[in-house]
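*Asks:* generate coordinates for the sequence data below:
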Amino acid sequence: LERFLQLCAEHNMQVCVPSTPAQMFHMLRRQHVRNFRKPLIVLTPKSLLRHKMSVSALDVLSTGRFELIIPEIEAITTKKTRRLVFCSGKVYFDLLEAREVNGIDDIAIIRIEQLYPFPIHEYAELIEQYAHVNEIIWCQEEPLNQGAWYQIKHRLQEPLNDSQQLYYAGRPGAAAPASGIFKVHLQQQQALVEAALDIKSEASKVRKPEKTKRKTK
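*Replies:* Got it, this is the predicted structure:
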């Protein structure tokens, strides 16, 4: 993912991470009916083909459209929300399942389905809706030095107000894209999900990045 994002500039291509069948359908349809042609890079694991939570209703397929950002889908009150977790792809379903199991009802999980061009206006509108929330989390499965984090963190930071702080929840930096030991992989996955959802355990940890300098008005 990070290698494609490094090559993105001047709206030269699109990088998408669809999380549902409807999103995949509308993304491909959009690519076909547009009156211009730009390369479309799609990153999604095979596991979502059979994932029990990655489903879409038929009416969403027939009448919907490709959503650049999918907001919170559960009945979590905006005023009650104390933390926002942004993510892309399969990790969303891990977060959703863990939130349900742990009975968490004050953390919203939001999917960014198009990483480039980054949907800055839609993202800024969501941030404005949750202006009272101070903790903004980016959660990813990839190591710190890989995935989308380094390429989009300035976009995530840009519309935040003075009381909001951006955090990273994910694996530490690594030379390899993933652990070669399945048990270790599961432990790391559990730790990053717990960190994102503020589930207290010895394994969980939210990494706080250096503060991005804000633009002076």
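
*Asks:* what's opposite the residue nearest to Cys8 when sequence neighbours are not counted in the beta bridge?
*Replies:* Nearest non-adjacent residue to Cys8, counting by Cβ to Cβ, 6 or more residues apart in numbering: Tyr116, 4.2 Å away. Every C-beta, even on glycine, is put in place using the N, C-alpha and C of the backbone. Bridge pairing for Tyr116 (DSSP bridges) gives the partners Val15.

*Asks:* could you report the neighbour count for Tyr116?
*Replies:* 21 (other Cβ atoms under 10 Å).

*Asks:* if I look at it, how far off is Gln23?
*Replies:* Per Cβ to Cβ, to the nearest Å, Tyr116 is found 16 Å from Gln23.

*Asks:* ok so, going back, the residue nearest to Cys8: what's it in contact with?
*Replies:* By Cβ atoms under 8 Å, 6 or more residues apart in numbering, the contact list for Tyr116 reads 4-5, 8, 13-15, 151.

*Asks:* isn't Arg83 right up against Ile107?
*Replies:* Yes - here Arg83 reaches Ile107: they are 4.6 Å apart, a contact under Cβ atoms under 8 Å.

*Asks:* what do those two both touch?
*Replies:* Joint contacts of Arg83 and Ile107 (Cβ under 8 Å, 6+ apart) are Asp198.

*Asks:* compare neighbour counts for the two and give me the winner.
*Replies:* The neighbour comparison of Arg83 against Ile107 (other Cβ under 10 Å) goes to Ile107, with 23 against 20.

*Asks:* and that one, what pLDDT?
*Replies:* With respect to pLDDT, Ile107 scores 96.

*Asks:* ok, and the closest non-adjacent residue to the residue most central in space within the chain?
*Replies:* Among the residues of the chain, Cys87 comes closest to the average C-alpha position under Cα atoms, centre = their mean, at 1.5 Å. Spatial nearest neighbour of Cys87, chain neighbours left out: Cys139 (4.5 Å); criterion: Cβ to Cβ, 6+ apart.

*Asks:* the helix ranked longest in the chain packs against which elements?
*Replies:* Longest helix of the chain, by residue count under DSSP state H: helix 182-196. Packing partners of helix 182-196 (3 or more Cβ pairs under 8 Å, 6 or more residues apart in numbering; DSSP states H and E): helix 91-101, strand 135-143, strand 165-171.

*Asks:* switch to 10 Å and redo it
*Replies:* Applying 3 or more Cβ pairs under 10 Å, 6 or more residues apart in numbering; DSSP states H and E, we find helix 182-196 packed against strand 83-87, helix 91-101, strand 135-143, strand 165-171.

*Asks:* gap between the third one and the chain center?
*Replies:* For strand 135-143, the gap between its own C-alpha mean and the chain's C-alpha mean amounts to 7 Å (Cα atoms, centre = their mean, to the nearest Å).

*Asks:* check the last one too.
*Replies:* Once both centres are worked out by Cα atoms, centre = their mean, strand 165-171 turns out to sit 11 Å from its chain's centre.

*Asks:* report the angle between that strand and helix 182-196.
*Replies:* Interaxial angle, strand 165-171 versus helix 182-196 (axes from the mean of the first three to the mean of the last three Cα atoms, to 10 degrees): 170 degrees.

*Asks:* what's the answer for the shortest one, then?
*Replies:* Orientation of strand 83-87 against helix 182-196 (the same axes, to 10 degrees) gives an angle of 140 degrees.

*Asks:* many thanks, I have nothing further to ask.
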